[in-house]
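[1] Okay, sequence plus prediction incoming.
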Amino acid sequence: MSASSHRRSPARKRRVLIGAATASLVAAGLAVVPLTMSAGAAAVDLAHAVLPANDGWASSGTGTTGGRDADAAHTFTVSTRAELAKALGAGPAGAPRIIQIKGAIDANTDDSGKPLDCADYAAGTGYSLNAYLKAYDPATWGRSKLPSGAQESARAAAQARQAARVVLSVPSKTTIVGVPGTGAAIVGGSLQVSNADNVIIRNLSFSDTRDCYPQWDPTDGSTGNWNSQYDAVSVRRSTHVWADHNTFGDGPHYDSSNPTYFGREYQVHDGALDITNASDLVTVEYNRFTNHDKTMLIGSSDKDTKLRVTLHHNVFQGIVQRAPLARVGQIHLYDNYYDTATLNGYAHSYSINSRAHAQIVAQNNYWALSSNRKASQLLSGDGTGAVAGSGNLVNGTATDLVAAYNAEHSSKKIATTVNWAPKLNAGLGPASGLPAKLAKTAGAGVLNRVGGSIG
């Protein structure tokens, strides 16, 4: 698909792009080599694995077991979008299911596997990017109201047709796991965990989840913005979710290739992994987040609720912002690694944003601070959020992140006390050594059936 052109791409080009998505991770130094275990290692069945005890908020209460109890009729191995959609929808409702993804699945395909591009989704809707730009040019449309009328309706219709292909709903009691050694991936797709309980997503690469039809909003900020749909993984109104050993990135279509219209970037990517709408009891661990702007949103608005989330042993490289942006909830961040160097055009803005009375505890995280950034730029907030914790290192030196931030901000200061204390913190360790450790243990491709995780 092309953000600036709606010409049809041949099937061969689609296959090349899927390969390029994987190749781009290798080229950026972000891929990892699958672990080779010794012959005597104990066997671990990834498909039936469950979240260990005390491993973050998702281990609270009944814990997170996903599809562990699936019967043979609800255990699937899939390699196409059509097979994945069928497995996700297989009845009866509420039945535990295990879905093993083998190889790379292109979400922008029809049921026969034929690649679809932006032109296919727009066909018959009346949508045209040129016509849309002409209709809503601020010089004539103004900046006080959202687009409406024929072209906005056509854009919405085309977007709905793409959503019908790329958005894949994940029901309760589901485990989705990449088959080790197959390059398991979802390209251009969005897993939506909505109104669900007990979901596991492991060992998958998510790349280029891209909206063909961003909406222009002239009222968004002082200069307007292009807003897109589709997070690679979206968790909404859901509980007990475990996201483990996945890799997220925009490659091979980086934001640097996005055109500019009305003076604003034509943004075709939304979140990597967003947790919103009163979701609760979520653990996000040993994932690799790369080459992305708006990475992780915890809380969809200042009026959101619940949102108890743990992030640990994740890698953030080439991330502009929202790692995470947190509202309202009790968020535990420990043993994560942040690299602020610009990567493929993605320049760091901030790492952690605490707002809307969020209660963040940040312990033993490690920042590799590039020469153009300062410790005071690692945090952000609206003046109501809190960040507590200790043991955080910046370039190997113990650093009080909140003190550094507050020293350079006369208003909207970040509080240093929170109303809770983390207890579910399995694996909590010192920040020293995290860059080297997580280079080998985070992201898709380091889990296998023989030895499980090398983390």
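    Received, thanks. None of the values given here were measured: they were computed from a predicted structure.
[2] okay, CA-based contacts and neighbour counts for the rest of this
    OK.
[3] And for the chain, the residue most distant from the center?
    residue 140 (36.7 Å; C-alpha atoms, centre = their mean).
[4] mind saving the C-alpha coords of the helix or strand harbouring that residue as CSV?
    Here residue 140 sits within helix 138-141, counting by DSSP states H and E. Extracted in CSV, the C-alpha atoms of helix 138-141 (Å, rounded to 0.1, in the frame of the first residue of the first chain):
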residue,chain,number,x,y,z
PRO,A,138,-8.3,25.0,5.5
ALA,A,139,-8.1,27.9,3.1
THR,A,140,-11.7,27.2,2.0
TRP,A,141,-13.1,24.8,4.6
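[5] Buried residues of it, list them for me.
    Across helix 138-141, burial judged by 16 or more other C-alpha atoms under 10 Å covers no residue at all.
[6] Name the next helix or strand following it along the chain.
    Next along the chain after helix 138-141, taking DSSP H and E as the criterion, comes helix 150-166.
[7] which residue packs closest to residue 79, ignoring adjacent ones?
    residue 102 (5.1 Å; C-alpha to C-alpha, 6 or more residues apart in numbering).
[8] Poorly predicted segments of the protein, please.
    For the chain, the stretches flagged by pLDDT under 70 are 1-44, 449-455.
[9] again, only using 80
    1-44, 448-455 (pLDDT under 80).
[10] for residue 73, helix, strand, or coil?
    helix (DSSP: H, G, I helix; E, B strand; the rest coil).
[11] For the residue nearest to residue 79, which residues are in contact?
    Taking C-alpha atoms under 8 Å, 6 or more residues apart in numbering, we find residue 102 in contact with 77, 78, 79, 178, 179, 182, 183, 184.
[12] One more: residue 417?
    Residue 417 neighbours (C-alpha under 8 Å, 6+ apart): 386, 387, 388.
[13] burial count for the closest residue to residue 415 other than its chain neighbours?
    Leaving aside its sequence neighbours, residue 415 sits nearest to residue 386 (C-alpha to C-alpha, 6+ apart; 4.3 Å). Residue 386 is flanked by 24 other residues according to other C-alpha atoms under 10 Å.
[14] do the same with residue 110
    Neighbours of residue 110 (other C-alpha under 10 Å): 14.
[15] now swap in residue 418 and tell me
    The local packing of residue 418 (other C-alpha under 10 Å) involves 17 other residues.
[16] now residue 419
    When neighbours are counted by other C-alpha under 10 Å, residue 419 registers 10.
[17] just the one 3 residues further on next, same as before
    Using other C-alpha under 10 Å as the criterion, residue 422 is surrounded by 14 other residues.
[18] tell me the contacts of it?
    332, 361.
[19] That one in helix, strand or coil?
    Counting by three-state DSSP, the backbone at residue 422 sits in coil.
[20] residues of the strand or helix carrying residue 87 that come out buried?
    Assigned by DSSP H and E, residue 87 belongs to helix 81-89. Residues of helix 81-89 classed as buried: 81, 82, 83, 84, 85, 87, 88 (neighbour count, 16+ other C-alpha under 10 Å).
[21] Would you mind measuring from the first one to residue 102?
    In this structure, residue 81 and residue 102 are separated by 11 Å, where distance is defined by C-alpha to C-alpha, to the nearest Å.
[22] before we move on, back to that, which among the buried residues of helix 81-89 gets closest to residue 370?
    Nearest to residue 370 out of the buried residues of helix 81-89 is residue 81 (C-alpha to C-alpha; 40.1 Å).
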